[in-house]
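Trainee: sequence? don't have it. structure:
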C-alpha cells in the first residue's frame, strides 16, 4: 500500500494538489494462486523426492482519497 499512496501523492502534486488524505480503503480477497514442482530420483533401490511450492493471495484493493490544496 505504501507504493500506491506515494504514486497517488505524486499524481496529485503533478496536477496541482499539495497532498492526499485517505477517505476509505477496501480489500477484497479473490482467491489464491498456487504452483508447485517435485522431482523423484531413483538410484538402485533408493528413491528420493524433492519438492517445493508457493501460494500467494490475489487481492483487489480500492481506495477513495481527497486531494488537498493549501490556500
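Mentor: On my side now, so go ahead. Since this is a predicted model, take the numbers as computed values, not measurements.
Trainee: longest strand in this protein, by residue count?
Mentor: Determined from DSSP state E, the single longest strand within the chain is strand 19-43.
Trainee: any idea how far residue 71 is from residue 23?
Mentor: 20 Å (CB to CB, to the nearest Å). C-beta here means a position set from N, CA and C on the backbone, and glycine is covered the same way.
Trainee: which one's more surrounded, those two?
Mentor: Of the pair residue 71 and residue 23, residue 23 is the one with more neighbours under other CB atoms under 10 Å, namely 9 against 3.
Trainee: in contact with the more buried one, which residues?
Mentor: Neighbouring residues of residue 23 by CB atoms under 8 Å, 6 or more residues apart in numbering: 63-66.
Trainee: and the lowest-mean-pLDDT helix or strand in the chain, which residues are buried?
Mentor: In the chain, no helix or strand scores lower on mean pLDDT, DSSP states H and E than helix 2-14, which sits at a mean of 82. Under the neighbour-count criterion of 16 or more other CB atoms under 10 Å, helix 2-14 has 8-9, 12 buried.
Trainee: tell me how far the longest strand of the chain lies from the chain's centre.
Mentor: 7 Å (CA atoms, centre = their mean, to the nearest Å).
Trainee: so it versus helix 2-14, what angle?
Mentor: Counting by axes from the mean of the first three to the mean of the last three CA atoms, to 10 degrees, strand 19-43 lies at 150 degrees to helix 2-14.
Trainee: how far away is the spatially most central residue of the chain from residue 30?
Mentor: The C-alpha lying nearest the average C-alpha coordinate of the chain belongs to residue 59 (CA atoms, centre = their mean; 6.9 Å). According to CB to CB, residue 59 stands 7 Å off from residue 30.
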